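Chemist: Quick one: sequence and predicted model below, then my questions.
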Amino acid sequence: MRRLNWGCGPQPAPGWLNSDLLTAPGIDLSGDIRDGLPLDAGSICYITSIHALQSLPYLDVVPALRELLRVLKPGGVLRLALPDLERGLDAYRRNDPAYFYIPDDESATISGKLIVQMTWYGSNRMLFTYEFARELLLRAGFRRVTRCAYRVTASRFPEIVELDNRERESLFVEAEKGGV
């Protein structure tokens, strides 16, 4: 069963086909998804992407999702972990600085902590809610978009959750490719 870890970062996961912009040991596919993935259409059973999609500019998100859809087999599943804007806003409204990872010497104000965390020091180009992630996934051609909990899948692939991390700040979403 072929499974892709798209946007794996500098610590690729053993047992996965790891893809990232970086070139490093354990990364099988180095390159920008906007240039296409060097994979055959319909060659991957499922894809996990942990905190990678938000690095793309808005206008590149749907084309990237379409590329991930292209490489999935019919009935394949994409699992995304995204920074959860709703959780950040809820913590802001509660005036809960403990939710944020931003130390006081970086930003002492709750609004500063919200902004710096949601943009992650400027590296995040996109913000996501479940509703918006669903809209983008459907626009890209996915179906059956489901909000999932940390380490819980709605798919038939129980191991798709192996790479889940950052539970406190993440929104987990799964979407299926049609055609089964």
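Modeler: That came in fine, so what should we check first?

Chemist: burial count for Thr23?
Modeler: Using other CB atoms under 10 Å, the number of residues around Thr23 comes to 8. All C-beta spots, glycine's among them, are computed from the backbone N, C-alpha and C.

Chemist: Please name the nearest non-neighbouring residue to it.
Modeler: Closest residue to Thr23 apart from its sequence neighbours, by CB to CB, 6 or more residues apart in numbering: Ser30 at 4.3 Å.

Chemist: do the same with Arg144
Modeler: Glu176 (4.3 Å).

Chemist: any idea how far the one you found is from Pro25?
Modeler: In this view, Glu176 and Pro25 are 33 Å apart by CB to CB, to the nearest Å.

Chemist: same check, this time on Ala52
Modeler: According to CB to CB, Ala52 stands 19 Å off from Pro25.

Chemist: what comes up buried for the longest strand seen in the chain?
Modeler: Identified as the longest strand of the chain according to DSSP state E is strand 72-83. Judged by neighbour count (16 or more other CB atoms under 10 Å), strand 72-83 contains these buried residues: 72-73, 76-83.

Chemist: try stretch 157-177
Modeler: Using 16+ other CB under 10 Å as the test for burial, stretch 157-177 gives 157, 160-161, 163-164, 169-177.

Chemist: Can you flag which of those belong to strands?
Modeler: Among the buried residues of stretch 157-177, the residues falling in strands (DSSP E) are 170-176.

Chemist: Redo those as TSV? Include distance to Ser43 and pLDDT.
Modeler: Converted to TSV, those look like this (distance: CB to CB, whole Å; pLDDT from 0 to 100):
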residue	distance to Ser43	pLDDT
Ser170	27	96
Leu171	27	97
Phe172	24	98
Val173	22	98
Glu174	19	98
Ala175	18	98
Glu176	16	98
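
Chemist: Make JSON lines out of these and add distance to Ser107.
Modeler: Below are those laid out as JSON lines (distance: CB to CB, whole Å):
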{"residue": "Ser170", "distance to Ser107": "21"}
{"residue": "Leu171", "distance to Ser107": "23"}
{"residue": "Phe172", "distance to Ser107": "27"}
{"residue": "Val173", "distance to Ser107": "28"}
{"residue": "Glu174", "distance to Ser107": "33"}
{"residue": "Ala175", "distance to Ser107": "34"}
{"residue": "Glu176", "distance to Ser107": "39"}
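
Chemist: any idea which of those is closest to Asp40?
Modeler: Within these, distances to Asp40 taken as CB to CB reach their minimum at Glu176, with 19.4 Å.

Chemist: Which pLDDT value goes with Gly179?
Modeler: pLDDT for Gly179: 83.

Chemist: Next, give me the two most distant ones among the buried residues of stretch 157-177.
Modeler: Distance extremes for these: the farthest pair is Glu169 and Lys177 at 27.4 Å, using CB to CB.
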